[in-house]
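# give me the fold of what follows.
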Amino acid sequence: MKFSDLVFKKNQSGIGALISFDNGWQVSVVAGKMAYCNPRKDNLDPSAYSSFEVAVLNPAGDFATGELLQSVDDVVGWCGRDDIDNIIAMVADQ
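Residues are numbered from 1 along each chain as shown. Next up is the predicted model:
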């Protein structure tokens with residue numbers, strides 16, 4: 001799975017895609033006016049964004065972004081497509 005495989009859907013806060021892995025982990029990728037992304041605008045086509053906000057959830061459904069990515073927050077912002085590919089690979093290996 002790579003960024004290019006994500007299927008984004010419009011939601012109340014922009015666009016988002018959720019990947020669920022066989023190991024129970026999930027990766028959420030979002031963009032919109034309230035997300036840490038560029039540009040910070042709602043409901044654009046994914047190709048219009050140069051960066052996205054990402055969250056990692058463990059099998060219990062808890063935020064694990066900090067634990068896995070050495071972040072102090074529940075989400076990491078301004079992630080480029082290559083960054084997201086690396087996060088996806090990391091989570092798939094959990």
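# the residue nearest the centre of the chain: what's it in contact with?
Per C-alpha atoms, centre = their mean, the C-alpha nearest to the average position across the chain is that of Val29, at 2.3 Å. Residues in contact with Val29 (C-beta atoms under 8 Å, 6 or more residues apart in numbering) are Phe3, Leu6, Phe8, Gly16, Ala17, Leu18, Ile19, Phe52, Glu53, Val54, Cys79, Ile84. C-beta: built from backbone N, CA, C; applies to glycine.
# among the residues you listed, the buried ones, what's the ChimeraX command?
Only the buried entries of the contacts of Val29 go into this ChimeraX selection, using 16 or more other C-beta atoms under 10 Å:
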select :3,6,8,16,17,19,52,53,54,79,84
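# need the contacts of Val29 in a markdown table with distance to Cys37 and secondary structure, can you?
As requested, those are exported to a markdown table (distance: C-beta to C-beta, whole Å; DSSP: H, G, I helix; E, B strand; the rest coil):
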| residue | distance to Cys37 | secondary structure |
| --- | --- | --- |
| Phe3 | 13 | helix |
| Leu6 | 14 | coil |
| Phe8 | 12 | coil |
| Gly16 | 11 | strand |
| Ala17 | 13 | strand |
| Leu18 | 16 | strand |
| Ile19 | 17 | strand |
| Phe52 | 5 | strand |
| Glu53 | 5 | strand |
| Val54 | 10 | strand |
| Cys79 | 8 | strand |
| Ile84 | 11 | helix |
